[in-house]
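In: model the structure of this input:
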Amino acid sequence: MKEITYDGNIHFDNGTRYYGYKAVHRICNAVYSGSHMCTADEIQMTIVDQNTGGFSETAWIIENAPGYWASANDCEGYKNNADTVFGAFWDFTNEGGGDAWLTGCNYSKKLPCCS
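Out: As a prediction, this is how the structure comes out:
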C-alpha cells in the first residue's frame with residue numbers, strides 16, 4: 001500500500017495536475033509501475049486468494065456509485081474532503097480479511113494499489 005495518506009480530495013502533479021480517479025490511478029502507477037487504485041472487487045479477490053497477510057491498516061477503495069441515496073460516491077470521485085461526503089474504505093485490521101466501511105472524506109487513509 002502507498003505509504004502516504006490522503007483525505008478525500010486527492011490530486012497528483014507530474015507536470016500535469018490530475019484530480020480524483022485520474023489522480024489516484026496515477027499515484028499508484030508512479031509508485032508501482034503498471035498498478036492502479038484497488039476496487040472493492042479486487043480487495044475481495046485478494047481475500048479469496050488469501051493474500052492479505054501484509055495488510056494491517058485501513059485504506060480507501062473504489063466503490064463507485066453509492067449503494068444508498070446518501071452522498072457516498074467515493075468522496076465525489078475523490079475530489080471532496082468534506083465531513084458530510086462519504087467514501088468507502090477497507091479495514092484490514094479485522095480478522096477474516098477485514099471489512100468495508102464508509103467514512104467522512106475529511107479523514108486520511110492510504111491508497112491500496114493493485115495490478
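
In: please count neighbours and contacts with C-alpha atoms only from this point.
Out: OK.

In: what's the burial count for the residue lying closest to His36 once chain neighbours are set aside?
Out: The shortest distance from His36 to any non-neighbouring residue, by CA to CA, 6 or more residues apart in numbering, is to His25 (4.5 Å). The local packing of His25 (other CA atoms under 10 Å) involves 21 other residues.

In: try the one 5 residues further on
Out: Ala30 is flanked by 14 other residues according to other CA under 10 Å.

In: the bottom helix or strand of this protein by mean pLDDT?
Out: Ranked by mean pLDDT, DSSP states H and E, the weakest helix or strand in the chain is helix 40-48, scoring a mean of 87.

In: buried residues in it?
Out: Ala40, Glu42, Ile43, Gln44 (16 or more other CA atoms under 10 Å).

In: which among those gets closest to Cys75?
Out: Ala40 (14.9 Å; CA to CA).

In: give me the number of residues near Ala23?
Out: Ala23: 21 neighbours (other CA under 10 Å).

In: Ile10 too?
Out: 21.

In: from Ala82, how far out is it?
Out: Distance of Ile10 to Ala82, given as CA to CA, to the nearest Å: 12 Å.

In: please apply the same query to Ile47.
Out: Ile47 is 31 Å from Ala82, by CA to CA.

In: who's in contact with the residue nearest to His36?
Out: Ser35, His36, Met37 (CA atoms under 8 Å, 6 or more residues apart in numbering).

In: tell me the residue in the chain that is farthest from the middle.
Out: Largest separation from the mean C-alpha position in the chain: Gly15, at 23.4 Å (CA atoms, centre = their mean).

In: before we move on, the earlier item: next, format the buried residues of helix 40-48 as CSV and append distance to Lys109.
Out: Supplementary listing: the buried residues of helix 40-48 in CSV, determined by distance: CA to CA, whole Å:
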residue, distance to Lys109
Ala40, 15
Glu42, 18
Ile43, 16
Gln44, 19
